[in-house]
Every structure is written in C-alpha cells, then in structure tokens.
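Peer 1: No sequence on hand, only this structure:
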C-alpha cells in the first residue's frame, strides 16, 4: 500500500489580514502535510507578497506552490488546486481560517488505520456538534456535519464525485459531501480541528447573515439535483425541502436575536 500523502489547497482572495495566520497554522502542524497549494483568485491587495515571503522563509520539507488566476470564485480555485496536487489525499483550508495543531495528525492516523474510508473530517470551533462517528448519506441529508476547512479526502474520490460544482455559488461543498457519502464511507472525528482567524460567530456576522437566503437556496438546489439523479425519492425530496425551510426560518430568528 502506498503511503498516505496530503496536499492542502487554499483559495485566497484579498486575504492580507488573515493569510499569514492561516499558513502559519499549516506549517505548525504536529504532523506535516506534503504540499501546500495556494490559488490566488485575483487578489489586488498584499496577499501574494505575504504568501511569497512565508513560502520563502519556510525551512520545512513541504512543497509550496502559489498559482494566480483571474477572479473566478473558490470552487474553481479549489478544483484547480486539486488538479495540481501530487498527493493521494487533499485537504482544504480557507484563507480566513486556521487549523489547530493536531488536525492533520489525528485525521491522517484515522485514514491510515481505516483505509476503507474515503473522507474524514474534524469539527469546526463554532457550530460545534456533540455527534461523532460514521456519517451515512441518510444522516447527511438532514444535517451537514462537514465544514470545508475540516475535511480531508481521497483525491480519486474527489474526482469520481465530481469535485466542487462550479455552477453553484452556495452550498457547493455540501453537494460534494452528499455525492461522496452516497457511494463511500465518511467519518466525523471527535476533535475540533479548525476555527476562523477573526473568530466570527456562526450567525449574524457580515458575510453570513446577508447570505442566509442564498445559502438556503443552495441547499434546495442540492436536493433538486439529488432528486433528478434519483438518489432520493419524491416523498423524501419534498420532506427535505420543507425541513430546510424550517431551518432557514430558525437561522433568521437566531440572527435577529444575536443582533439585539
């Protein structure tokens, strides 16, 4: 069996305030990744110079790649990073997030001991869930347990599942997890592996509360696609959409309460 290797893919757009902390968290892992790929998505701030400086000063044996593209969005950036990756597994990290020290160590150990699992994730500091364990496709339909900065998955599985859907602006990550879980075993570890650099709250912060409706419609689009592919029947499809509408109402109420 080939050794398990990991490339971390980081899309970056105007992240001069957070990209250093993000990259430092990768270099500070108790178990190193094999490769860091940053896809700059058309930044017009100091992001690129900061990244180059950090890569230049790194004394670790990690392959560091910086590629620039015209602004096209994080899904295209992540897919491009996966195409460049030379490892057999890929991890994802957003430029305004950072990993806790043992994220790679714990995730990699699980995958090495359970090679029948194609995807594993730690937990995110906000929106913490007590649940951990095997996450079935059925469970994932009702709740998204996975946040992108916490996920590590087999690269072949990533491609076989279609990668990130570039036609979706919101919930494209959830759609990928659903496609993966439909045919593969996935697991949620009982370890908080990532957090936002600026400690944003799960509801009510700029960039989230203003996009609640778009995120809601993104989830509905996921269910539409699953029904069209006959991965859920009509009865479940209708029930899922109604349940998502209730969750959307709840999120709006929570956002209003937090703002008070």
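Peer 2: Now that the structure is in, tell me what you want to look at. Bear in mind that the values here come from a model prediction, so they are computed numbers and not experimental data.
Peer 1: Mean pLDDT per helix and strand in this structure: which one sits at the bottom?
Peer 2: The weakest-scoring helix or strand in the chain, judged by mean pLDDT, DSSP states H and E, is helix 234-259 (a mean of 90).
Peer 1: The stretch 101-250 of the chain: strands as residue ranges?
Peer 2: For the stretch 101-250 of the chain, strands defined by DSSP state E, counting those that start in this stretch occupy the ranges 117-124, 133-134, 151-154, 185-196.
Peer 1: Make CSV out of those and add mean neighbour count.
Peer 2: (Glycine included, C-beta is placed from N, CA and C.) Output for the strands of the stretch 101-250 of the chain, formatted as CSV (neighbours: other Cβ atoms under 10 Å):
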stretch, mean neighbour count
strand 117-124, 23
strand 133-134, 11
strand 151-154, 24
strand 185-196, 19
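Peer 1: Tell me which of these lies nearest to residue 88.
Peer 2: For residue 88, the closest of the strands of the stretch 101-250 of the chain is strand 151-154, at 6.9 Å, according to Cβ to Cβ.
Peer 1: For the spatially closest residue to residue 181 that is not a sequence neighbour, give me the pLDDT.
Peer 2: In space, and not counting its chain neighbours, residue 181 is closest to residue 137: 4.4 Å by Cβ to Cβ, 6 or more residues apart in numbering. In the prediction, the pLDDT value recorded for residue 137 is 98.
Peer 1: What distance do you get for residue 217 to residue 165?
Peer 2: Going from residue 217 to residue 165 by Cβ to Cβ, to the nearest Å gives 14 Å.
Peer 1: These two: which is more packed in?
Peer 2: residue 165 (19 against 16; other Cβ atoms under 10 Å).
Peer 1: Would you mind measuring from the more buried one to residue 9?
Peer 2: Distance from residue 165 to residue 9, by Cβ to Cβ: 16 Å.
Peer 1: Also residue 33?
Peer 2: Counting by Cβ to Cβ, the gap between residue 33 and residue 9 amounts to 10 Å.
Peer 1: Then residue 121?
Peer 2: Taken as Cβ to Cβ, the span from residue 121 to residue 9 is 15 Å.
Peer 1: do residue 47 as well
Peer 2: Distance from residue 47 to residue 9, by Cβ to Cβ: 16 Å.
Peer 1: Okay, buried residues for the least confident helix or strand of the chain please.
Peer 2: For helix 234-259, burial by neighbour count (16 or more other Cβ atoms under 10 Å) applies to 237, 240, 244, 248, 251, 254, 255.
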